[in-house]
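# the sequence isn't on hand, but the structure is:
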(Lines give C-alpha, C1' and ligand atoms only; values in the text may rest on other atoms or scores of the structure.)
Protein backbone atom coordinates (compact mmCIF):
# COMPACT_ATOMS: atom_id res chain seq x y z
CA UNK A 1 0.00 0.00 0.00
CA UNK A 2 1.54 3.34 -1.00
CA UNK A 3 2.09 5.91 1.71
CA UNK A 4 1.25 9.57 1.15
CA UNK A 5 3.18 12.03 3.29
CA UNK A 6 2.39 15.58 4.36
CA UNK A 7 4.06 17.95 6.79
CA UNK A 8 2.58 17.12 10.21
CA UNK A 9 2.34 20.77 11.21
CA UNK A 10 3.05 24.26 9.90
CA UNK A 11 2.75 27.69 11.47
CA UNK A 12 2.18 30.89 9.53
CA UNK A 13 1.40 34.50 10.39
CA UNK A 14 -1.79 36.19 9.21
CA UNK A 15 -1.21 37.77 5.82
CA UNK A 16 1.67 35.46 5.06
CA UNK A 17 2.12 32.70 2.54
CA UNK A 18 2.40 28.99 3.25
CA UNK A 19 2.81 25.95 1.02
CA UNK A 20 1.71 22.47 2.07
CA UNK A 21 3.06 19.49 0.16
CA UNK A 22 1.97 15.95 -0.57
CA UNK A 23 4.42 13.23 -1.60
CA UNK A 24 4.09 9.57 -2.53
CA UNK A 25 6.25 6.67 -1.37
CA UNK A 26 6.20 5.04 -4.80
CA UNK A 27 7.16 7.92 -7.04
CA UNK A 28 6.28 11.41 -8.09
CA UNK A 29 2.85 12.87 -7.52
CA UNK A 30 1.67 13.89 -10.97
CA UNK A 31 -1.66 14.98 -12.38
CA UNK A 32 -2.25 11.32 -13.27
CA UNK A 33 -2.72 10.72 -9.53
CA UNK A 34 -5.43 13.43 -9.50
CA UNK A 35 -4.38 15.05 -6.23
CA UNK A 36 -7.18 16.62 -4.22
CA UNK A 37 -6.99 18.88 -1.19
CA UNK A 38 -9.45 19.14 1.70
CA UNK A 39 -9.76 21.41 4.69
CA UNK A 40 -11.18 20.08 7.94
CA UNK A 41 -12.08 21.96 11.10
CA UNK A 42 -12.90 20.23 14.40
CA UNK A 43 -16.20 18.42 14.41
CA UNK A 44 -16.85 19.03 10.73
CA UNK A 45 -16.78 16.95 7.58
CA UNK A 46 -13.88 17.61 5.22
CA UNK A 47 -14.44 20.54 2.91
CA UNK A 48 -13.15 20.06 -0.64
CA UNK A 49 -10.79 22.81 -1.81
CA UNK A 50 -8.91 21.60 -4.89
CA UNK A 51 -9.43 18.73 -7.32
CA UNK A 52 -7.32 17.32 -10.13
CA UNK A 53 -4.17 19.14 -8.99
CA UNK A 54 -5.26 22.75 -9.41
CA UNK A 55 -9.00 23.07 -10.05
CA UNK A 56 -11.02 25.04 -7.53
CA UNK A 57 -14.57 24.41 -6.45
CA UNK A 58 -17.02 27.26 -6.72
CA UNK A 59 -16.72 27.82 -2.97
CA UNK A 60 -12.91 27.75 -2.78
CA UNK A 61 -11.48 31.14 -1.78
CA UNK A 62 -9.13 32.69 -4.33
CA UNK A 63 -6.26 32.66 -1.82
CA UNK A 64 -6.04 28.85 -2.13
CA UNK A 65 -4.20 27.38 -5.11
CA UNK A 66 -3.05 23.90 -6.07
CA UNK A 67 -0.02 22.96 -8.13
CA UNK A 68 2.76 20.46 -8.66
CA UNK A 69 6.08 21.34 -7.04
CA UNK A 70 8.85 19.04 -8.20
CA UNK A 71 7.64 15.53 -7.48
CA UNK A 72 4.96 16.62 -5.02
CA UNK A 73 1.50 18.14 -5.07
CA UNK A 74 1.27 21.47 -3.33
CA UNK A 75 -1.40 23.65 -1.77
CA UNK A 76 -0.50 27.33 -1.36
CA UNK A 77 -2.41 29.80 0.77
CA UNK A 78 -1.76 33.49 0.25
CA UNK A 79 -2.58 35.70 2.03
CA UNK A 80 -3.35 33.50 5.00
CA UNK A 81 -6.38 34.44 7.09
CA UNK A 82 -7.02 33.50 10.74
CA UNK A 83 -9.94 31.32 9.66
CA UNK A 84 -7.57 29.16 7.61
CA UNK A 85 -6.38 27.49 10.81
CA UNK A 86 -7.42 23.87 10.24
CA UNK A 87 -6.23 20.43 9.23
CA UNK A 88 -5.48 19.92 5.54
CA UNK A 89 -5.47 16.58 3.76
CA UNK A 90 -4.39 15.54 0.30
CA UNK A 91 -5.91 12.56 -1.48
CA UNK A 92 -4.34 10.76 -4.42
CA UNK A 93 -5.68 8.04 -6.71
CA UNK A 94 -3.44 5.17 -7.73
CA UNK A 95 -5.25 4.14 -10.87
CA UNK A 96 -3.23 1.02 -11.59
CA UNK A 97 -4.13 -0.34 -8.15
CA UNK A 98 -7.58 1.28 -8.09
CA UNK A 99 -6.78 2.62 -4.64
CA UNK A 100 -7.30 6.01 -3.07
CA UNK A 101 -4.89 7.09 -0.31
CA UNK A 102 -5.04 10.09 2.00
CA UNK A 103 -2.00 11.85 3.32
CA UNK A 104 -1.57 12.00 7.07
CA UNK A 105 -2.72 15.60 7.18
CA UNK A 106 -1.09 18.93 8.02
CA UNK A 107 -2.20 20.91 11.05
CA UNK A 108 -1.95 24.56 10.05
CA UNK A 109 -1.66 27.08 12.85
CA UNK A 110 -2.17 30.78 12.12
CA UNK A 111 -0.33 32.77 14.74
CA UNK B 1 -29.57 20.63 -4.28
CA UNK B 2 -27.19 17.75 -3.67
CA UNK B 3 -27.43 16.05 -0.30
CA UNK B 4 -25.78 13.01 1.24
CA UNK B 5 -27.55 12.15 4.49
CA UNK B 6 -26.05 9.47 6.69
CA UNK B 7 -27.56 7.26 9.34
CA UNK B 8 -27.18 7.98 13.02
CA UNK B 9 -24.62 7.09 15.64
CA UNK B 10 -24.14 3.45 16.66
CA UNK B 11 -22.70 1.80 19.75
CA UNK B 12 -21.59 -1.80 19.33
CA UNK B 13 -19.78 -4.53 21.24
CA UNK B 14 -16.55 -6.03 19.88
CA UNK B 15 -17.32 -8.81 17.42
CA UNK B 16 -20.63 -7.30 16.38
CA UNK B 17 -21.60 -5.92 12.97
CA UNK B 18 -23.00 -2.56 11.90
CA UNK B 19 -24.65 -1.28 8.76
CA UNK B 20 -24.38 2.41 7.88
CA UNK B 21 -26.37 4.16 5.19
CA UNK B 22 -25.79 7.17 2.95
CA UNK B 23 -28.88 8.48 1.19
CA UNK B 24 -28.25 10.60 -1.89
CA UNK B 25 -30.57 13.18 -3.39
CA UNK B 26 -30.47 16.06 -5.84
CA UNK B 27 -28.56 14.33 -8.64
CA UNK B 28 -28.59 11.23 -10.84
CA UNK B 29 -27.63 8.58 -8.30
CA UNK B 30 -26.21 6.08 -10.79
CA UNK B 31 -23.83 8.58 -12.40
CA UNK B 32 -21.58 9.28 -9.40
CA UNK B 33 -19.33 6.96 -7.42
CA UNK B 34 -19.63 6.92 -3.65
CA UNK B 35 -16.64 6.53 -1.36
CA UNK B 36 -16.50 5.71 2.33
CA UNK B 37 -13.88 7.43 4.45
CA UNK B 38 -13.33 7.05 8.17
CA UNK B 39 -11.61 9.07 10.86
CA UNK B 40 -10.67 7.61 14.22
CA UNK B 41 -10.68 10.00 17.19
CA UNK B 42 -7.83 12.49 16.87
CA UNK B 43 -6.55 10.78 13.73
CA UNK B 44 -6.45 11.51 10.01
CA UNK B 45 -8.73 10.50 7.17
CA UNK B 46 -8.61 6.94 5.87
CA UNK B 47 -10.14 5.79 2.58
CA UNK B 48 -11.85 2.44 3.05
CA UNK B 49 -13.86 1.74 -0.07
CA UNK B 50 -15.86 2.77 -3.16
CA UNK B 51 -18.86 1.72 -5.14
CA UNK B 52 -20.20 2.78 -8.49
CA UNK B 53 -23.97 2.79 -7.99
CA UNK B 54 -24.58 2.33 -11.70
CA UNK B 55 -22.64 -0.92 -12.06
CA UNK B 56 -22.32 -1.95 -8.39
CA UNK B 57 -18.58 -2.32 -8.96
CA UNK B 58 -16.67 -2.01 -5.70
CA UNK B 59 -13.13 -1.46 -4.54
CA UNK B 60 -11.79 -1.78 -0.99
CA UNK B 61 -8.60 -0.74 0.73
CA UNK B 62 -6.28 -3.65 1.48
CA UNK B 63 -6.81 -3.05 5.19
CA UNK B 64 -10.61 -3.19 4.86
CA UNK B 65 -10.84 -6.05 2.36
CA UNK B 66 -12.73 -8.96 3.85
CA UNK B 67 -14.16 -6.94 6.74
CA UNK B 68 -16.42 -4.53 4.94
CA UNK B 69 -19.05 -4.76 2.23
CA UNK B 70 -20.36 -1.80 0.29
CA UNK B 71 -23.67 -2.12 -1.54
CA UNK B 72 -26.28 0.10 -3.10
CA UNK B 73 -30.03 0.20 -3.55
CA UNK B 74 -30.84 2.25 -6.62
CA UNK B 75 -34.55 2.44 -5.78
CA UNK B 76 -33.66 3.99 -2.43
CA UNK B 77 -30.77 6.05 -3.88
CA UNK B 78 -28.72 4.80 -0.97
CA UNK B 79 -25.33 3.26 -0.41
CA UNK B 80 -24.61 0.99 2.54
CA UNK B 81 -21.45 0.14 4.43
CA UNK B 82 -21.42 -3.14 6.34
CA UNK B 83 -18.62 -3.62 8.86
CA UNK B 84 -18.30 -6.98 10.53
CA UNK B 85 -16.33 -8.36 13.46
CA UNK B 86 -15.98 -4.88 14.89
CA UNK B 87 -12.94 -4.11 17.00
CA UNK B 88 -12.29 -1.15 19.30
CA UNK B 89 -10.00 0.31 16.64
CA UNK B 90 -13.02 0.59 14.31
CA UNK B 91 -14.33 3.36 16.55
CA UNK B 92 -14.47 6.30 14.17
CA UNK B 93 -16.63 8.75 12.29
CA UNK B 94 -17.53 7.29 8.91
CA UNK B 95 -18.16 9.69 6.01
CA UNK B 96 -19.58 9.09 2.57
CA UNK B 97 -18.62 11.32 -0.33
CA UNK B 98 -19.53 11.31 -3.98
CA UNK B 99 -17.07 11.38 -6.88
CA UNK B 100 -18.05 13.31 -9.98
CA UNK B 101 -17.72 11.16 -13.12
CA UNK B 102 -14.39 11.41 -14.90
CA UNK B 103 -12.94 14.20 -12.80
CA UNK B 104 -11.73 12.67 -9.49
CA UNK B 105 -13.72 15.44 -7.81
CA UNK B 106 -15.12 14.60 -4.37
CA UNK B 107 -17.44 17.52 -4.07
CA UNK B 108 -20.18 16.60 -1.58
CA UNK B 109 -19.85 14.85 1.75
CA UNK B 110 -22.27 13.36 4.23
CA UNK B 111 -22.37 14.64 7.78
CA UNK B 112 -20.66 11.58 9.19
CA UNK B 113 -21.82 8.63 11.30
CA UNK B 114 -20.08 7.91 14.61
CA UNK B 115 -19.51 4.25 15.36
CA UNK B 116 -18.33 3.47 18.87
CA UNK B 117 -17.08 -0.04 19.61
CA UNK B 118 -16.78 -0.73 23.30
CA UNK B 119 -17.17 -3.63 25.67
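Everything's here; your move. Worth saying up front: this structure is predicted, and the values here are computed from it rather than measured. Numbers count the residues shown, from 1 in each chain, chains lettered A, B, ... in the order given.
# contacting residues around the residue nearest the centre of chain B?
Nearest residue to the geometric centre of chain B (Cα atoms, centre = their mean): residue B:36, 3.3 Å. Contact partners of residue B:36, counting by Cβ atoms under 8 Å, 6 or more residues apart in numbering or on different chains, are B:20, B:22, B:47-50, B:68, B:70, B:79, B:81, B:94-96. In this view, the C-beta of every residue, glycine as well, is placed from N, C-alpha and C.
# out of the residues you listed, which one sits closest to residue A:65?
Nearest to residue A:65 among the contacts of residue B:36 is residue B:47, at 24.2 Å by Cβ to Cβ.
# just the buried ones from the contacts of residue B:36?
With burial judged by 16 or more other Cβ atoms under 10 Å in any protein chain shown, the buried subset of the contacts of residue B:36 is B:20, B:22, B:47-50, B:68, B:70, B:79, B:81, B:94-96.
# ok, now which ones touch the residue in chain A that chain B sits nearest to?
Closest contact between chain A and chain B, by Cβ to the nearest Cβ, is at residue A:34 (3.5 Å). Applying Cβ under 8 Å, 6+ apart, we find residue A:34 in contact with A:51, A:52, A:53, A:92, A:93, B:104.
# of the residues you listed, closest to residue B:29?
Using Cβ to Cβ, the contacts of residue A:34 come closest to residue B:29 at residue B:104, 19.2 Å.
# near chain B at all, the longest strand seen in chain A?
In chain A, taking DSSP state E as the definition, the longest strand is strand A:86-94. Yes: under the criterion of Cβ under 8 Å from any Cβ of the partner chain, strand A:86-94 makes contact with chain B via A:87, A:89, A:91, A:93.
# now for those: which two are most distant?
A:87 and A:93 (20.5 Å).
# how about the strands in chain A?
Secondary structure of chain A (DSSP E): strands located at A:4-6, A:9-12, A:18-24, A:36-40, A:47-51, A:55-56, A:64-69, A:72-77, A:86-94, A:99-102, A:106-110.
# and stretch B:73-85, average pLDDT?
Average pLDDT, stretch B:73-85: 97.
# what does it rub up against?
B:15, B:17-25, B:29-30, B:34, B:36, B:48-49, B:51, B:53, B:67-72, B:90, B:94, B:96, B:115.
# contact partners of stretch A:65-74?
A:19-23, A:27-31, A:33, A:35, A:37, A:49-50, A:53-56, A:75-76, A:78, A:90, A:92.
# buried subset of these?
The buried subset of the contacts of stretch A:65-74 - by 16+ other Cβ under 10 Å - is A:19-23, A:29, A:33, A:35, A:37, A:49-50, A:53-54, A:56, A:75-76, A:90, A:92.
# which positions in chain B make contact with chain A?
B:35, B:37, B:44-47, B:50, B:59, B:61-63, B:95, B:97, B:103-107, B:109-112.
# how far does stretch A:49-60 sit from the chain's center?
11 Å (Cα atoms, centre = their mean, to the nearest Å).
# I'd like the average pLDDT over it.
96.
# what does that stretch contact?
Taking Cβ under 8 Å, 6+ apart as the rule, stretch A:49-60 contacts A:31, A:34-39, A:47-48, A:64-68, A:73, A:75, A:88, B:103-107.
# quote the end-to-end distance of it.
5 Å (Cα to Cα, to the nearest Å).
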